[in-house]
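# Fold the following.
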Amino acid sequence: MEPFQLICAGVWIAAAVVLFIVEAATVSMVSIWFALSALVAAVLAAIDLPLWFQALVFVACAALLLVVTKPLVRRFQSGKVEHTNADRVVGQIAVVTQEIDNIQDKGQAKVAGQVWTARSVDGSVLAEGTLVEVVEIAGVKLMVRRQEPSA
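Down below sits the predicted model:
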């Protein structure tokens, strides 16, 4: 093997090692495709193929790996929403047990037999005894809006 090709192979292997380290240091897949492509280019350098061909194969291999595996990786990385028992109160009607006032950071509502800290989604003050609909749960607070009377 010529010294130039030996240097090229060493550079490709060093690049692969650095990219694998970057991949290990991150929580999402960002450089694995490039690390694998650098290994392929190192093999090409070891069999004495020209540098321009090594670079071309590196780019093509990285692009191919990205296109083929990214959707699969994304599917595995996207965590499924873990529903909790608290989610079942969304959409239910609650009764305000303590006046809800977002500005004063106070308010409670009772839904499904449990009293929750509550806040109004539109910022309106809701008096005790008002019927409200649970729109969402934000942290440990119910986000509610005034229940409109049925027609």
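
# Now do the helices for this structure: every range, in order, please.
Remark: helices assigned in the chain by DSSP state H are 3-25, 32-46, 51-77.

# in the lowest-mean-pLDDT helix or strand in the chain, what's buried?
The weakest-scoring helix or strand in the chain, judged by mean pLDDT, DSSP states H and E, is helix 51-77 (a mean of 86). Residues of helix 51-77 classed as buried under the neighbour-count rule (16 or more other Cβ atoms under 10 Å) are 54, 57, 58, 61, 62, 65, 66. In short, each C-beta sits where N, CA and C put it, glycine included.

# From residue 64, how far off is the residue nearest to the fourth one when sequence neighbours are not counted?
This means residue 61. Leaving aside its chain neighbours, residue 61 sits nearest to residue 37 (4.1 Å; criterion: Cβ to Cβ, 6 or more residues apart in numbering). From residue 37 over to residue 64 the distance is 9 Å, taken as Cβ to Cβ, to the nearest Å.

# neighbours around the nearest residue to residue 39 once chain neighbours are set aside, how many?
The shortest distance from residue 39 to any non-neighbouring residue, by Cβ to Cβ, 6+ apart, is to residue 16 (4.8 Å). Residue 16 has 20 neighbouring residues, counting by other Cβ atoms under 10 Å.

# OK, contacts around residue 16?
35, 36, 38, 39, 42 (Cβ atoms under 8 Å, 6 or more residues apart in numbering).

# Closest one to residue 116 out of the residues you listed, please.
residue 35 (48.5 Å; Cβ to Cβ).

# For the closest one, give me its contacts.
So residue 35 contacts 15, 16, 19, 20, 23 (Cβ under 8 Å, 6+ apart).

# can the contacts of residue 16 go into TSV with extra columns for distance to residue 136 and pLDDT?
TSV is the format used below for those (distance: Cβ to Cβ, whole Å; pLDDT from 0 to 100):
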residue	distance to residue 136	pLDDT
35	41	93
36	42	93
38	46	95
39	47	95
42	52	94
